[in-house]
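A.B. asks: Task: produce atomic coordinates for the following.
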Amino acid sequence: MYGRKAVTGAAALLSAAIVAVGCSSQPSEEEQAGTIRLAVTDVQGMEELQREYGAFQAVFEEKSGLDVEFFAVTDRTAAAAALQADRLDVVFTGPAEYVVIHERTGAEPIVAIERDGYRSCVYTRADTGLTSLDQLRGKKVAMSDIGSTSGHLGPSQMLKDAGVDPTTDVEVLTVGDAVHAALERGDVDAVGIGCHDYEEFMAADDPAAYRLIEEGPILPPDLLVGRKGLDAETVTTIRTTFSENFDELLSAMLEGKDNAKFANAKLVEVTDGDYDRVRSMYQAVGVNDFSNFLGD
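C.D. replies: Below is the predicted model of the structure:
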């Protein structure tokens, strides 16, 4: 099925990345002292990482007394591989990515940042006559990227909750940023996407030409996770720094041009169990045995 094929490919990539990173030399204890190696899974390349999070780095270092060493990764699989190889200490990542990283590496939540209005939306053209999710049975639905929390897993779970199996009852097309264009052209009958993206599409188009079918519940928050075995003192320092200086840290994050999604975000406490909803979302797209998905 669609979901099973997608995640099997991801498992192969993750295993390959772990082998590659595991061959790297390990930093000495002296090199690691007082320093945390930080990656952000949705930022590619050191230059972009510095541009988007340089201001955050400066504020965090000032408030925590820790040095931050940026570690560039290409995606969640590379981050998981680096964590497992002890080349990385902390990862800032999304909920779908966290579930993969946790299952592979044992990384645990440190702090979580809940985005304002972080939901999934399913919408259609006004002329389709579609008004409910159950009417999408037998239709084509565009979503963004495989494994995206708000643009794939969230809408898939919404369909599942409405009694529509996203792996068999609809044809899901993952087309990235072209979701709205696909709907405009009539290539698909509906779109499942993050609500912020939906709002941006409506702001740039004629909202009267479209109909919001359903808005999903708030999704689990983004989070900083620490590698298995990260010392308790460092974890406590990170938590305390965020709890005592969150407004300043958030303001610094928002200096990154692609971080507007964190506007009005809140610092929240989470446990691994808060991400069981995401595990259910994976099951909605055909991942019924997560250990097999991860290549264990």
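A.B. asks: So for this structure, the centremost residue is which one?
C.D. replies: Residue closest to the mean C-alpha point of the chain, counted by C-alpha atoms, centre = their mean, is residue 94 at 2.9 Å.
A.B. asks: Tell me which residues touch it, please.
C.D. replies: Neighbouring residues of residue 94 by C-beta atoms under 8 Å, 6 or more residues apart in numbering: 41, 42, 149, 222. Just so you know, the C-beta spots here come from the backbone N, C-alpha and C atoms, and that holds for glycine as well.
A.B. asks: you'd agree the third one is up against residue 96?
C.D. replies: Yes: with contact defined as C-beta atoms under 8 Å, residue 149 and residue 96 form a contacting pair (4.2 Å).
A.B. asks: Neighbour count: these two, which is higher?
C.D. replies: residue 96 (26 against 21; other C-beta atoms under 10 Å).
A.B. asks: Quick check, the more buried one in contact with residue 281.
C.D. replies: Yes: between residue 96 and residue 281 there is a contact under C-beta under 8 Å: 7.5 Å.
A.B. asks: okay, and the common contacts of these two?
C.D. replies: Counting by C-beta under 8 Å, 6+ apart, the shared contacts of residue 96 and residue 281 are 149, 153.
A.B. asks: Figure out how far the helix or strand hosting residue 183 is from the centre of its chain.
C.D. replies: Using DSSP states H and E, residue 183 sits in helix 179-185. Mean C-alpha position of helix 179-185 versus that of the full chain (C-alpha atoms, centre = their mean, to the nearest Å) differs by 23 Å.
A.B. asks: Toward the C-terminus, what is the element adjacent to that helix?
C.D. replies: Helix 179-185 is succeeded, C-terminally, by strand 190-194 (DSSP H and E).
A.B. asks: in its sheet, what does that next one sit against?
C.D. replies: Sheet pairing of strand 190-194 (DSSP bridges) gives strand 120-125 (antiparallel), strand 140-143 (parallel).
A.B. asks: Contacts made by the helix or strand that the last one is followed by with the rest, please.
C.D. replies: The helix or strand immediately downstream of strand 140-143 is helix 154-161, counting by DSSP H and E. Contact partners of helix 154-161, identified using C-beta under 8 Å, 6+ apart, comprise 3, 119-122, 133, 136, 141, 143, 165-166, 169-170, 172, 192-194, 214, 216, 219, 277, 280-281, 284-285.
A.B. asks: got it, and stretch 185-204?
C.D. replies: 117-125, 128, 130, 136, 139-144, 148, 150-152, 154-156, 158-159, 173, 179-180, 182-183, 210, 212-213, 215-216, 261.
A.B. asks: Same check on stretch 137-148?
C.D. replies: Residues contacting stretch 137-148 (C-beta under 8 Å, 6+ apart): 6-7, 10, 76, 96-97, 100, 122, 130, 151-153, 155-156, 159, 164, 166, 169-179, 182-183, 187-194, 197.
A.B. asks: does residue 180 really touch residue 205, like I thought?
C.D. replies: Yes: contact criterion C-beta under 8 Å: residue 180 and residue 205 qualify, at 7.4 Å.
A.B. asks: The two - which one has more neighbours?
C.D. replies: Here residue 180 and residue 205 are compared on neighbour count by other C-beta under 10 Å; more neighbours surround residue 180, at 21 against 13.
A.B. asks: ok, the more buried one - contacts?
C.D. replies: With C-beta under 8 Å, 6+ apart, residue 180 has these contacts: 191, 193, 201, 205.
A.B. asks: Can you report how many residues neighbour the third one?
C.D. replies: This means residue 201. Residue 201, neighbours per other C-beta under 10 Å, totals 20.
A.B. asks: Shouldn't it be within a helix?
C.D. replies: Yes: under DSSP: H, G, I helix; E, B strand; the rest coil, residue 201 falls within a helix.
A.B. asks: Number the residues from 284 up from this point.
C.D. replies: Got it, the first residue is 284 from now on, which makes the last one we talked about residue 484.
A.B. asks: Quick check: the gap between it and residue 504.
C.D. replies: 24 Å (C-beta to C-beta, to the nearest Å).
A.B. asks: where does residue 464 land on pLDDT?
C.D. replies: The predicted structure scores residue 464 at 97 on the pLDDT scale.
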